[in-house]
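Q: Build me a model:
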Amino acid sequence: MVEDCIFCKIVAKEAPASVLFEDDRVLAFMDILPINPGHLLVIPKEHLPELEDLDEELAGYLFKIALRLEKALRRSGLPVEGVNLFLADGEVAFQEVFHTHLHVIPRLKGDSFKITAAWSVSPTREELDRVAGQIRDAVKLLPG
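A: Residues are numbered from 1 along each chain as shown. Sure thing, here's the model as predicted:
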């Protein structure tokens, strides 16, 4: 547990949370600043600040629980017209609590959640192939 991490405090039952799901690896609870009713977070119980700190098995499990809860949201009677799964990794990506967490956000037409970008970059096929090659080369360096 990291002393100043609110999510670690929630895991340790030292801070309140409206818990939806808990097992030995993950905890899911309601977001205290929800975009819409039903907005929830799924976190690893272990303090893992960045996405790259998770192993692939735990990352997959986090996503599996998020999918299960997304299905439950749609069957809950809450208004749900769509769902976003959102994970911010790093301050520049809007991460505010540095304990990996996956948002499950029920969406409604006209709600306040927006992702904006210029969407104006149009790389050439050659540039896309070059970048893909860089990433392929980096994958070869990863363990496993």
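
Q: need the longest helix for this protein.
A: For the chain, the longest helix by residue count, based on DSSP state H, is helix 56-75.

Q: what's next to the following helix or strand past that one, contact-wise?
A: With elements assigned by DSSP states H and E, the helix or strand that comes after helix 56-75 is strand 82-86. Here strand 82-86 makes contact (C-beta atoms under 8 Å, 6 or more residues apart in numbering) with 63, 66, 70, 73-74, 102-107, 113. For glycine as for every other residue, the C-beta is placed from the backbone atoms N, C-alpha and C.

Q: Stretch 2-13 too?
A: In this structure, residues lying in contact with stretch 2-13 by C-beta under 8 Å, 6+ apart are 1, 15-17, 27, 29, 43, 45, 47, 97-99, 101.

Q: Lowest-confidence member of those residues, which is it?
A: For these, the weakest pLDDT value sits at residue 1, with 84.

Q: show me what contacts it?
A: Neighbouring residues of residue 1 by C-beta under 8 Å, 6+ apart: 8-9, 11-12, 47.

Q: which SSE is residue 136 in?
A: Per DSSP H and E: residue 136 is located in helix 125-140.

Q: brain fart, residue 120
A: Under the assignment here (DSSP H and E), residue 120 is part of no helix and no strand.

Q: and it, what pLDDT?
A: Per-residue confidence (pLDDT) for residue 120: 87.

Q: what's around it, how many residues?
A: A total of 5 residues lie near residue 120 under the criterion other C-beta atoms under 10 Å.

Q: for it, phi and psi?
A: Backbone torsions of residue 120, given as degrees, to the nearest 10, read phi -110, psi -10.
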